[in-house]
Each structure stands twice: as C-alpha cells, then as structure tokens.
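Colleague: Show me the folded form of this:
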Amino acid sequence: MKIELKALKYSDFASQETHCFHANIYIDGKKAGWAENNGHGGMTSIHPHQLYTTIRQCTDKIPPRIVKYGDTEMSLEASPDSYIDELVTLALHEKDLKRAMKTRILFTRENQVFETQKFSAVQMAADLKNPHLKERLKADKILNLLPMDKALELYARGMR
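Modeller: Numbering: from 1, shown residues only. Predicted structure coming up:
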C-alpha cells in the first residue's frame, strides 16, 4: 500500500509544538481522505475515521524506531498519525533541499549535512562537473549529484 500526501498546506508561523498543516491523503494513487494538525501540540487528525484504520494496517508492519536521548534508548511504535507527521516532515525537507540545491552544493561528512556558500548557476554547474569536488570538500557524498530520493534520505537523516 502506497500512502502519499498531496496539496500540502503548511503554516510555519502557526506551528508551535507540532507542524500546522492540512493535506490530502492518497492511497495507491486514489484520494482516500485528508489529515490536519493545528500546530499546538495535539495529535494529527485523519479523516474519515476508516482511513485511520486503513493506515493502521500499514503502520502495524513497521518495526519500532529506536531513539536515543542521551544515554537512554526509547522504542517508538509507528501510529497512523505519527506516520502522516513523518510524511509532512519529509515533504518539508524535500522542499528545503530542492531550494538549497539551486544555489548551493550540499554534501555529507561523517553523517552530517553541510552546504557551501551561494553560487551562480554557471559556477554551480562548473563545480559539480569537477572530478575533484569530493576531495576539495572532504565530502563523503555530494547530494546534488545523487538521485533525489537518495539525496533526500541523507538530508533528512542529517537533519535529525
């Protein structure tokens, strides 16, 4: 089952403890409902309620995510609302990544994401063709040169 968000409307100024958003939810290419969060720390609402149950079937198959807080490890179970929240976060990361890659070279070093200063389009094109770019930046990977899904995965991981 493929779950996607479309028509995401996000409000940065209204996002306090959680993302403030509204988005349509599509399952296997068909609109199934919508989700929203008012950004004040409450759970994400999924409508209609049957859609929550449908998404639960998918999230029940996801293994718990282990999160470290200092020396303490916690196991977080996936839920339909947390899954939708992750999709929103991923969509926001993708938007930021695309914007940044227009004028900067983004790269990883020791699992952290770094970016260069702003460049003109001509300078960016020349630098991205330079076979010594990785060595010059002391980079593990150049996100601009990766397929978007791989670049987004590394970018999102580096943002946690």
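Colleague: by contact count, what packs against the lengthiest helix in the chain?
Modeller: Looking across the chain with DSSP state H, the single longest helix is helix 80-101. Counting contacts by 3 or more CB pairs under 8 Å, 6 or more residues apart in numbering; DSSP states H and E, helix 80-101 is packed against strand 3-11, strand 20-27, strand 30-38, strand 45-47, helix 49-59, helix 148-159. C-beta here means a position set from N, CA and C on the backbone, and glycine is covered the same way.
Colleague: Identify each buried residue in it, please.
Modeller: For helix 80-101, a neighbour-count test (16 or more other CB atoms under 10 Å) marks 80-85, 87-88, 91-94, 97, 100-101 as buried.
Colleague: For I62, state which of the residues you listed is nearest.
Modeller: Y83 (7.5 Å; CB to CB).
Colleague: picking up where we left off before, just the angle between the longest helix of the chain and strand 3-11, please?
Modeller: On the basis of axes from the mean of the first three to the mean of the last three CA atoms, to 10 degrees, helix 80-101 is oriented at 70 degrees to strand 3-11.
Colleague: any weak-confidence spans in this protein?
Modeller: 160 (pLDDT under 70).
Colleague: how about the spatially most central residue of it, what does it touch?
Modeller: Closest residue to the average C-alpha location of the chain: L90 at 1.7 Å, with CA atoms, centre = their mean. Residues near L90 by CB atoms under 8 Å, 6 or more residues apart in numbering: 152, 156.
Colleague: Mind doing that once more with 10 Å?
Modeller: Neighbouring residues of L90 by CB atoms under 10 Å, 6 or more residues apart in numbering: 5, 152-153, 155-156.
Colleague: Tell me the most packed of the residues you listed, by neighbour count.
Modeller: The most crowded member of the contacts of L90, judged by other CB atoms under 10 Å, is Y155 (22 neighbours).
Colleague: how close does that one sit to A100?
Modeller: Distance check for Y155 against A100: by CB to CB, to the nearest Å, it reads 9 Å.
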